[in-house]
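K.L.:
Below are the sequence and a predicted model; questions follow.
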Amino acid sequence: MNAASLYQNIEAKIGLIAADFEVIAARFTPRAIPRQALLTVESEKNDKMFFVEKGLLFSFKTLVDGERQVIQFAKEHYWMADLCSFFSGSPALFSIQALEKCELWEITKRDFNLVCQQFPAMGTFFRLNFQTSYVNTLIRLSDAYSTDAEQRYVHLMETQPDLLQRVPQYLIASYLGILPSSLSRIRSRA
C-alpha cells in the first residue's frame, strides 16, 4: 500500500505539503483486512479511526432481537470510526465490519492528538470531516422521519448507485430501515 490516496484526501481540504505529509503518514498504520473482519465491537472501547483506501466497511448496531441495524457505509476515500468511543473513551456504540477485503490506514487516538498538535491544519482537516459527517447524519435522520422508504431508496440510488451493486440487499434494507421483502417490492417498481 502506498499513501497516495490518503495524501490526496488530506491535501484536497487543507493544502498539505508533501514533506509535512511524510511526518503525518508515519503516525498511520497500513492494514490489509479480510472480508467480514470486525474492526470495532460495540460495547468495547475503540481508540482507532480508519481511512478506506480500498474496499468497503459498514457500521451497525445489534438490536435486542439480534438483528443488525446498519448505520453507515464507508467506501474508498471515506473515513470511519465509532467517534463516541474514539473521543470519550467510552464503550463503542457501534460495530464496524469489513464488507469486502480492505486496505485501510489506521490512526490511534494518541497519534491523532499528536498529529493535530504538531500540525494545526490537521485539526482543521478533521473538523471539516466531522462537520460533513454530522450534517450528513442529520440529513439522514431527517429523511428517516420525513420521507417514505421508496424515496430513501431512490435517493440512495441517485447518490450512491455503486453501493446497490456492492452491498447485499438485506444490508441495504437495514440501512433504509425496512424489511428485505419491502425493498424487493420497491426495487421492482423503481
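P.N.:
Good, I have the coordinates.
K.L.:
now the strands for the chain?
P.N.:
29-33, 38-40, 48-54, 57-62, 68-74, 79-80, 95-98, 102-108 (DSSP state E).
K.L.:
Among those strands, which comes closest to residue 142?
P.N.:
Residue 142 lies closest to strand 68-74 among the strands of the chain, at 15.3 Å (C-beta to C-beta). In short, each C-beta sits where N, CA and C put it, glycine included.
K.L.:
And the closest one, what does it pack against?
P.N.:
Packing contacts for strand 68-74, counted by 3 or more C-beta pairs under 8 Å, 6 or more residues apart in numbering; DSSP states H and E, involve strand 57-62, helix 169-176.
K.L.:
what lines up beside it in the sheet?
P.N.:
Its sheet considered, strand 68-74 pairs with strand 57-62 (antiparallel) by DSSP bridges.
K.L.:
Okay, buried residues for the partner strand please.
P.N.:
57-60 (16 or more other C-beta atoms under 10 Å).
K.L.:
neighbouring contacts of it?
P.N.:
39-40, 42, 50, 68-75, 78, 80, 82, 93-99, 102, 104, 167, 171, 174 (C-beta atoms under 8 Å, 6 or more residues apart in numbering).
K.L.:
Narrow those residues to just the buried residues.
P.N.:
Buried, going by 16+ other C-beta under 10 Å: 39-40, 42, 50, 68, 70-75, 78, 80, 82, 93-99, 102, 104, 167, 171, 174, out of the contacts of strand 57-62.
K.L.:
buried ones in the lengthiest helix in the chain?
P.N.:
Assignment by DSSP state H gives helix 120-146 as the longest helix of the chain. Residues 121-122, 125-126, 129, 133 are the ones in helix 120-146 that count as buried (16+ other C-beta under 10 Å).
K.L.:
Can you pick out the most distant pair from those residues?
P.N.:
Of all pairs in the buried residues of helix 120-146, the most separated under C-beta to C-beta is 121 and 133 at 18.8 Å.
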